[in-house]
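Chemist: whatever this is, show me its structure:
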Amino acid sequence: MTDTEIRVLLVDDQELVRSGLRRILRRRDGFVIAGECGDGSDVPTALAEGEVDVVVMDLRMKDVDGIEATRRLRQTGARPPVLALTTFDDDELLAGALRAGAAGYVLKDSAAEDLIRAVRAVAAGDAWLDPTVTTRVLTTYRQAPAPRRGGPAPELLTPREHDVLRALGRGLTNSEIANTLVISELTVKSHIGRIFTKLGLRDRAAAIVYAFDHGIVTPG
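Modeler: Okay, the predicted model is just below:
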């Protein structure tokens, strides 16, 4: 990501939605629309055509939906991070998007300021969970018939690392974690690195899923 601009790829099968996103993510606010796709199947080609810092991905599309497109992107190990874009009643899709590797989600009817903050947060390597539906998404995770609980146990973490993982699961940024735990951002980054290594996690989205699946973050 450049110091002055965030390059965004818009993926939504509705031109009206993409038009609205273009009006919000303006160059004067530090954004560049690097490309647009009408379906998830077009994402690899779009990413190959130029540098992208964030993919704003709709979850409901006719051919390849946002969950599958995100999963395919993460399987390749490719960047950039994905910010899922959805409507208020898509709890199951939101849970699926996080499991697929999305860095977070934002609602289509969110205020422009919230969308801007979400894109900036994800571009900076943080996660973004829309507070309006976070509790409902957590409930979806906890009520899943067969939650994934495999892999390394949370007991591998120190108490402080456990605190940081809980904060990650709540969607806090590094600066918010630092303020909450009264430690420096550099210390937060060190803790996150050790958490990823101990638990075999690839990124913040994976940490969020892990926190949900292991009851470290609970509804409410």
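
Chemist: off-centre distance for the lengthiest helix in the chain?
Modeler: Of all the segments of type helix in the chain, defined by DSSP state H, the longest one is helix 185-199. From the chain centre to the centre of helix 185-199 is a distance of 18 Å (Cα atoms, centre = their mean, to the nearest Å).

Chemist: kindly calculate the angle that the helix or strand following it makes with helix 185-199.
Modeler: Following helix 185-199 in sequence order, the next helix or strand is helix 204-213 (DSSP states H and E). In terms of direction (axes from the mean of the first three to the mean of the last three Cα atoms, to 10 degrees), helix 204-213 departs from helix 185-199 by 70 degrees.

Chemist: mean confidence score for helix 204-213?
Modeler: For helix 204-213, mean pLDDT is 82.

Chemist: can I get that helix in CSV, CA atoms only?
Modeler: Below are the C-alpha coordinates for helix 204-213, written out as CSV (Å, rounded to 0.1, in the frame of the first residue of the first chain):
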residue,chain,number,x,y,z
ARG,A,204,-6.2,-11.6,11.7
ALA,A,205,-9.2,-13.1,10.1
ALA,A,206,-8.0,-16.6,11.0
ALA,A,207,-7.5,-15.3,14.6
ILE,A,208,-11.1,-14.0,14.7
VAL,A,209,-12.4,-17.4,13.5
TYR,A,210,-10.2,-19.2,16.1
ALA,A,211,-11.4,-16.9,18.9
PHE,A,212,-15.1,-17.6,17.9
ASP,A,213,-14.6,-21.3,17.5
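
Chemist: need the contact list for Ala46.
Modeler: Ala46 makes contacts with Leu9, Val11, Gly35, Glu36, Cys37, Val52, as judged by Cβ atoms under 8 Å, 6 or more residues apart in numbering. For the C-beta atoms, the positions are set from N, CA and C on the backbone; glycine is no exception.

Chemist: closest one of these to Ile177?
Modeler: Of all those, Ile177 sits closest to Val52, with 26.7 Å by Cβ to Cβ.

Chemist: was I right to think the closest one contacts Ile33?
Modeler: No. Contact between Val52 and Ile33 fails when scored by Cβ atoms under 8 Å: they sit 10.0 Å apart.

Chemist: quick one: which of these two has more around it?
Modeler: Taking other Cβ atoms under 10 Å, Val52 and Ile33 do not tie; Val52 has more neighbours (23 against 16).

Chemist: need phi/psi at the more buried one.
Modeler: Phi and psi for Val52, reported as degrees, to the nearest 10, are phi -130, psi 140.
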